[in-house]
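Colleague: fold the following and give me the result.
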Amino acid sequence: YVLCVGYEPRKNIPLAIGAFADAARSCPDIRLIVVAADAAHRAAFDALARRLEVADRVVVLGRVSLQKLVRLYNISDAFLFPSRQEGVGLPPLEAMACGTATIAMNATAIPEVVGDAGILLDTSDQREWASAICRVMTTPDLRRELALRGQRRASGFSWHRCAQDTMAVYREACERPA
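Modeller: Okay, here's the model as predicted:
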């Protein structure tokens, strides 16, 4: 399975579905799961999958519990995150923490989260995304390496560390002369 999470336009889910459709021609055994909370977007994603003739291989889910989302990350072989704009990029961090090979857009804060633990793409070219999907899905050693690097990278992030870093910024700001 390839997993994708999101529904807002900036998450770029149509790119993920289109890239999956291209990849599915070369990798006939793969499936895509899209977690999209909004009913209108779910319908649009289903329609796009039908138009691209991969509806039988694409499952579009609504809102899922945190426990189910963790299970989805854990059963997926790859995670796609073609988002064009992120403040932090929690979904790739969650995927990496679960040991899921991650393919993400090299934009905004995403590279800071993913680093060298995933495949970062500088493009919205559907064929390049499809190529990355096929490479990950057909190369078990690459998939395992990305999973291990992702888990190591994710272990460096924590809410405790985030709070400490935020406090340090506040202290520095308060110590500056007005």
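Colleague: so what's the most centrally placed residue in the chain bridging to?
Modeller: Closest residue to the average C-alpha location of the chain: residue 81 at 3.0 Å, with C-alpha atoms, centre = their mean. Under DSSP bridges, the beta-bridge partners of residue 81 are residue 104.
Colleague: from residue 178, how far off is it?
Modeller: 41 Å (C-beta to C-beta, to the nearest Å). Where C-beta positions appear, they are placed from N, C-alpha and C, glycine not excepted.
Colleague: please apply the same query to residue 54.
Modeller: Residue 54 is 59 Å from residue 178, by C-beta to C-beta.
Colleague: neighbour count winner among these two?
Modeller: Per other C-beta atoms under 10 Å, whichever of residue 54 and residue 178 has more neighbours is residue 54, with 21 against 2.
Colleague: for the residue lying closest to that one once chain neighbours are set aside, what are its contacts?
Modeller: Spatial nearest neighbour of residue 54, excluding adjacent residues (C-beta to C-beta, 6 or more residues apart in numbering): residue 21 at 4.7 Å. By C-beta atoms under 8 Å, 6 or more residues apart in numbering, the contact set of residue 21 is 49, 52, 53, 54, 130.
Colleague: where does the first one fall, secondary structure wise?
Modeller: Taking DSSP states H and E as the definition, one finds residue 49 inside helix 39-51.
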